[in-house]
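Asker: Model the structure of this input:
(one chain, ligands or ions: 1)
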Amino acid sequence: MFVVVTVDGPAGAGKTTIARKLAKQLGFCMLDSGALYRTVALALLRAGIIPNDEIIPDDLLKSINIDIEPAVGSMQISLDGEDVSSEIRSEYVGVAASVFSAKAEVRRKLLGIQRSVALQCDLVAEGRDMGEVVFPFAQMKFFLTASAEERAKRRYEELLQKGAQPSYSEVFLEMRARDHRDETRALAPMVPAKDATIVDTTNLTPDQILGTMLKLIKSRLDLLKQETAAKKLDRPSKFFL
Ligand code: DC
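Answerer: This next block holds a predicted model:
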């Protein structure tokens, strides 16, 4: 059985960066589930569906052909064979993904794709509902948070670095709107799994976050190994039956 570590949390909490680094350090594959929602959103936008349209035609959803190739610390994603990894990073696609992801048919479409990755390799899975819905039996679960101000600041600086000229207050308000949508949707809302370890990243550097998480994962995996070994010893050998 493969090991699954889940990393959930709101936009700007540092999930993607941390999950990628964790996966690299552990030698695990990486599942960026947000990229899947963004890719569906891109396909729907291209097909002329407006994010608030109530009904997404079944045939259209079925025809969206997403392929992911997980690798150590990374994930390749394609839509009908086209590499869309840059295009899905736009603000517009992110907002559309947040709206479309509230729909049951979209979540249903992506559930199997996400679970199939855990049949191929050990995995760090990053998103909103990884610990609660997609991988409830994950061996280790984290929920990363940071204050809304800090998350907006990180996003604002990222946009500046990309050469955009954002307004901090707009970035802040958009982030709060996205949090609200992700937290209050009826299906798979963004909540920490009951057995998740919550890490507040507001005042931590990426190295500090990574160090804390790696230590916890290693001690949890050691404990699981010991438990498995103890269970094997408990089982009577066939010679004594
Ligand atoms: O993490 P991200 O910004 O790439 O995600 C984009 C949107 O996709 C997010 O606002 C909500 C949705 N999403 C989701 O509903 N469930 C996930 N597991 C991951 C993302």
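Asker: all strands of the protein, in order?
Answerer: Assigned by DSSP state E, the chain shows strands spanning 4-8, 29-32, 66-71, 74-79, 82-83, 123-127, 140-145, 197-200.
Asker: To the ligand, which of those strands lies closest?
Answerer: strand 123-127 (2.6 Å; C-beta to the nearest ligand atom). Heads up, the C-betas are built off the backbone N, CA and C, glycines and all.
Asker: any low-confidence regions in the protein?
Answerer: Residues of the chain meeting the criterion pLDDT under 70: 235-241.
Asker: List the residues that contact the closest residue to residue 124 other than its chain neighbours.
Answerer: With C-beta to C-beta, 6 or more residues apart in numbering as the criterion, residue 124 has its nearest non-adjacent residue at 4.1 Å, and that residue is residue 23. Neighbour list for residue 23: 29-30, 72-74, 123-124 [criterion: C-beta atoms under 8 Å, 6 or more residues apart in numbering].
Asker: Any quick PyMOL command for the buried ones out of those?
Answerer: In PyMOL, this line selects whichever of the contacts of residue 23 come out buried by 16 or more other C-beta atoms under 10 Å:
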select buried, resi 29+30+73+123+124
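Asker: And the furthest pair within the contacts of residue 23?
Answerer: 74 and 123 (12.3 Å; C-beta to C-beta).
Asker: Can you give the distance from stretch 92-112 to the centre of its chain?
Answerer: 13 Å (C-alpha atoms, centre = their mean, to the nearest Å).
Asker: Over to stretch 56-69?
Answerer: Per C-alpha atoms, centre = their mean, the centroid offset for stretch 56-69 relative to its chain is 19 Å.
Asker: now stretch 41-59
Answerer: 22 Å.
Asker: same question, stretch 227-234
Answerer: 33 Å.
Asker: ok, and what's touching that stretch?
Answerer: Contacts for stretch 227-234 (C-beta under 8 Å, 6+ apart): none.
Asker: And stretch 43-63, by the same measure?
Answerer: 40-41, 64, 66, 79, 92-93, 95-96, 99-100, 103, 105-106, 109.
Asker: Find the residue closest to residue 131 in space, skipping its chain neighbours.
Answerer: residue 193 (3.3 Å).
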